[in-house]
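[1] no sequence on this one, just coordinates:
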């Protein structure tokens, strides 16, 4: 071993310096483990920076720099494994163009400035705008990559300090429909099941989820289950043949948007053939119907409020009547016999059935309905809340659950499933925050798309963007990119670790600390909260987003909201009060510093694998079996919703004859700002391409690798054609990944959204394709 | 005589002497140099030849080293060999790790070949045989270590044909599968895209000379 005493002392001292003032906690993996250090490397634990899977990693630090990472063998999610993005985690912080100094736009040029100068300017812009146009003229736009602490501080400052509900996360673009699905069906966000279901089930229906690429480690768990258990069947419903379809037992191709009809057809057969679980329905389910023809959020200031009505099982049956396999076969392209077969598979009493979905459902103008309809199938058959059989909405960001959803960094939300519209919720929040309840406005303002529409119109003047890249990731990009630079008092602040397509539109760019350059906590898709300590210092003058938000608070006179000596720990203990006794209980901070994550509710130090289920969930008493205790309004029952099929807002026509779908590739994550700086990943997948069916290409006279121009009503882009790549487009469909900052496909996407969730549809719009 | 000498600085005698000696020396030097560089091609060295290349011995004999194939390559993937190639100096090759063959559907390089060293009648990229991809370092391959990499597989232009994924149980974790990329030599065209895309510093999958098919009586 080449660990010199000097190196060891240096590393230890550096590590010790990372612990914030007053940090009484000791990471069991930090300097204590120095004896185990290899070549002067000390290892700390952290969740992976990328997707919502939440793989645990060990981060190797030497001389104040991350020199290695490896999958954490003790992490239950991944047991030492990673995907290829996770393998290169050590490189994501060290791109050559890291932002290290605040930059202020002066005469069209970005000029280096001191933190004091930048923060003074930002505070003055906020003050000026609030004074002139009121608190709803300022906003913050964050993300599901905010640490829990960062999200909490932003929420507290904007709702409790400034007094505006102008706070949104990019998670609105990613899983808002999953939230409204959970809330409308169970009255509580987030899944009842957990990843253990991937090991324990035997039937997996995937809906609009390319797990093989978007949730790589979870996919290998499900595939391994099939290797060990020959009964296991994987059925992939999709509009594009993916790597997931390739490994599935069956790939069921359907026409875009007809998933709604398909699920109703499955329910139709389950009800028609009396395959439902009558007792379960009687004990645990009510039926409801909401508004129909609910619009698409295409016009500015679109407003929608559902009017749910209780209906009977007979009403529900009548609702299902038209969704015969034959009718839906014509609509969806799935043969009627196949629909019947799959309905019987869903209901097979000898099978443990799971449904898994991601953006295909969530990024959908009827995303909430799609989520509801998937739950319907599980509620009808009673296949829910038991090990190995659950519906599971997978998430895309590392803390979409932990921060955006659980802290509630949405315009309408407060922590622990509470909402601003409810006076009791506001009162409870005000009590914990020590503020006047009147301070928190009762009316939600803008969802993410509407927030940027408001910026475009000039109703919002000042917006601070943290840990996300909206000017690449929003749909109908051209409008919102132009809107940001219209002047007339508009002021855009972007905090990031690298220059992005969003920083290029900023008036102030703030250099941030990334990932393990700060202390943090994320919550993954199975309710697992994972904490990490700061392991290295950020480069140059880069600073934690948490500090940035609290510094703005101080300068706006709201410093009293953040009286913390050790902000992360104290925020945690304060935040924890929201969920206590509400089925959202979290453990004391220390517990997370030691554990490889804990799945909430954590009651008496014990995590919960299955919610609403006796023996697992401490809120369900012996003898109760299953109790959806969060839905008190419906007597602790879940809701089966009568949600119809309605068409997409924009469908292919003569002028724009193709469907455009966007998505991910395994090698890159989101807008590629981190993975694009890892040379190995960049080489492995250098640029976005257009997938198309070979027959369509022949008709257009374009060959593989040739250039095509894609044009929608909103934008146009030239891409290389890929006819035999990893994804096989169906006839009449094209697919483009959205990571490439030089080929921003979102310029073409429509900014229509689900009226209930506010989540836009990136999976469907109409485009024209020509040889370029 | 003197003015003449002053004019040119060269005497007749001197001119004759140099006129013979310099070419002689150059010739001698050239022979020496060629002895140094123009060795017979080293059989152990494998050059990834452009699509449609004849068998190596016949290829080097047929190739007129005109560089037309390299000019025709839209990706500049074809480069001419240097002195280290021995008698094969100046012949075209692809260095997969730098720029692999993109397998253009119309195979412009082969069409440009005037000598027949590249088969210009080749019309189907699936019939190209430049070599065969082989995972040469199983211990370092991330996919074989259970990580979800498989970049070689997903980037393979003959995905699911030349490379397939064969999952097997990961004994160490007990709950994950190892996604093993398996190359099928009867389908692999040897384009080198996998070698190029491999994320490790030294690629663990590389294109090698295709081994000959060895026939026997078994038909499975």
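    Structure's in. What do you need? Bear in mind the structure is a predicted one, so any value in this text is a computation, not a measurement.
[2] chain B: strands as residue ranges?
    Using DSSP state E, the strands found in chain B span residues B:78-80, B:92-94, B:132-135, B:163-169, B:177-183, B:205-208.
[3] domain assignment for chain A?
    Chain A breaks down by automatic domain parsing into domains covering A:5-91, A:103-174+A:403-558, A:176-394+A:635-642, A:658-749.
[4] can you put these in TSV and add distance to residue A:587 and mean neighbour count?
    The way it works is simple: take the backbone N, C-alpha and C, and place the C-beta from them, glycine included. As requested, the domains of chain A are exported to TSV (distance: least, CB to CB, whole Å; neighbours: other CB atoms under 10 Å in any protein chain shown):
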stretch	distance to residue A:587	mean neighbour count
domain A:5-91	13	20
domain A:103-174+A:403-558	8	22
domain A:176-394+A:635-642	17	21
domain A:658-749	29	21
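[5] can I get the ones you listed in CSV with distance to chain B and mean pLDDT?
    Compiled in CSV, these are given as follows (distance: least, CB to the nearest CB, whole Å; pLDDT from 0 to 100):
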stretch, distance to chain B, mean pLDDT
domain A:5-91, 4, 76
domain A:103-174+A:403-558, 14, 98
domain A:176-394+A:635-642, 3, 98
domain A:658-749, 4, 97
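[6] so for residue B:84, which of the ones you listed sits nearest?
    Smallest distance to residue B:84 across the domains of chain A (CB to CB): 25.6 Å, for domain A:658-749.
[7] just to revisit the earlier point, out of the domains of chain A, which comes closest to residue B:114?
    Taking CB to CB, domain A:658-749 is the member of those nearest to residue B:114, at 24.4 Å.
[8] first to last residue in that closest one, what's the distance?
    13 Å (CA to CA, to the nearest Å).
[9] got it, and stretch A:197-211?
    So stretch A:197-211: terminal residues 15 Å apart, CA to CA.
[10] pull the distance from it to the chain's centre.
    18 Å (CA atoms, centre = their mean, to the nearest Å).
[11] cool, stretch A:120-134 as well?
    Relative to its chain's centre, stretch A:120-134 lies at 31 Å (CA atoms, centre = their mean).
[12] before we move on, what about stretch A:222-235?
    27 Å.
[13] what's it in contact with?
    Identification of contacts with stretch A:222-235 by CB atoms under 8 Å, 6 or more residues apart in numbering or on different chains yields A:198-206, A:211, A:247-250, A:252, A:342, A:345, A:351, B:167-170, B:175-177, B:179.
[14] ditto for stretch A:242-250
    A:206, A:209-213, A:219, A:223, A:233-236, A:238, A:251, A:666, A:726-728, B:154, B:160, B:165, B:167.
[15] again, only this time at 7 Å
    A:206, A:210-213, A:219, A:223, A:233-236, A:238, A:251, A:726-727, B:154, B:160 (CB atoms under 7 Å, 6 or more residues apart in numbering or on different chains).
[16] among these, which are located in strands?
    Applying DSSP E to those, the entries found in strands are A:206, A:233-236, A:238, A:251.
[17] can you name the two of these that are farthest apart?
    Farthest pair in the ones in strands among the contacts of stretch A:242-250, by CB to CB: A:233 and A:238, 15.9 Å.
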